[in-house]
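Chemist: I would like to see how this sequence folds:
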Amino acid sequence: MPAALAADVLAIVAFVSIGRRNHDEAVDASGVVGTAAPFLLALGLGWLVLRLWQRPTSTEWALGLWAITLTLGMVLRKVVWDDGTATAFVIVASVVLFVLFVGWRSAFTWWQGRRTND
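Modeler: Numbers count the residues shown, from 1 in each chain. Below you'll find the model as predicted:
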């Protein structure tokens, strides 16, 4: 479970770091944490609501985690952090977080299946 949560946190930090670099913003700790904070809080709530520790590598439950993290993260970003939620940003965040959350779980499940069949 800790590794799965760490993978999700890493996915958000990578998304934020790449985005900040692509927009010529500082990729220092305070900048990355400040941008990632609403999504990290939403991620934590998603893990709690879904009790994801019971099935941390489930691709099906990753869809719920993705929806909670994306939606609540955008709401927190707009309402609490008073940051932008431009349509293009929402689309990019939707696609990237989906690929990252579902992607690592799919790869893990595939790898586990290969190990079982060997």
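Chemist: show me what contacts residue 45?
Modeler: Listed by Cβ atoms under 8 Å, 6 or more residues apart in numbering, the contact partners of residue 45 are 68, 72. C-beta coordinates here come from the backbone N, C-alpha and C atoms, glycine included.
Chemist: cool, the one 3 residues further on as well?
Modeler: When the contact criterion is Cβ under 8 Å, 6+ apart, residue 48 has no partners at all.
Chemist: that one is in what secondary structure piece?
Modeler: helix 29-50 (DSSP states H and E).
Chemist: CA atoms only: put that helix into CSV for me.
Modeler: The C-alpha trace of helix 29-50 is given here as CSV (Å, rounded to 0.1, in the frame of the first residue of the first chain):
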residue,chain,number,x,y,z
ALA,A,29,10.3,22.6,-4.0
SER,A,30,8.0,25.5,-3.0
GLY,A,31,6.7,26.0,-6.5
VAL,A,32,6.0,22.3,-7.1
VAL,A,33,4.4,21.8,-3.6
GLY,A,34,2.3,25.0,-4.1
THR,A,35,0.9,23.8,-7.4
ALA,A,36,0.5,20.2,-6.4
ALA,A,37,-1.1,20.8,-3.0
PRO,A,38,-4.8,20.9,-4.1
PHE,A,39,-4.3,17.7,-6.1
LEU,A,40,-2.4,16.0,-3.3
LEU,A,41,-5.1,16.8,-0.8
ALA,A,42,-7.7,15.5,-3.3
LEU,A,43,-5.7,12.4,-3.8
GLY,A,44,-5.6,11.8,0.0
LEU,A,45,-9.3,12.2,0.2
GLY,A,46,-9.8,9.9,-2.7
TRP,A,47,-7.7,7.2,-1.1
LEU,A,48,-9.8,7.6,2.1
VAL,A,49,-13.2,7.7,0.4
LEU,A,50,-12.4,4.7,-1.8
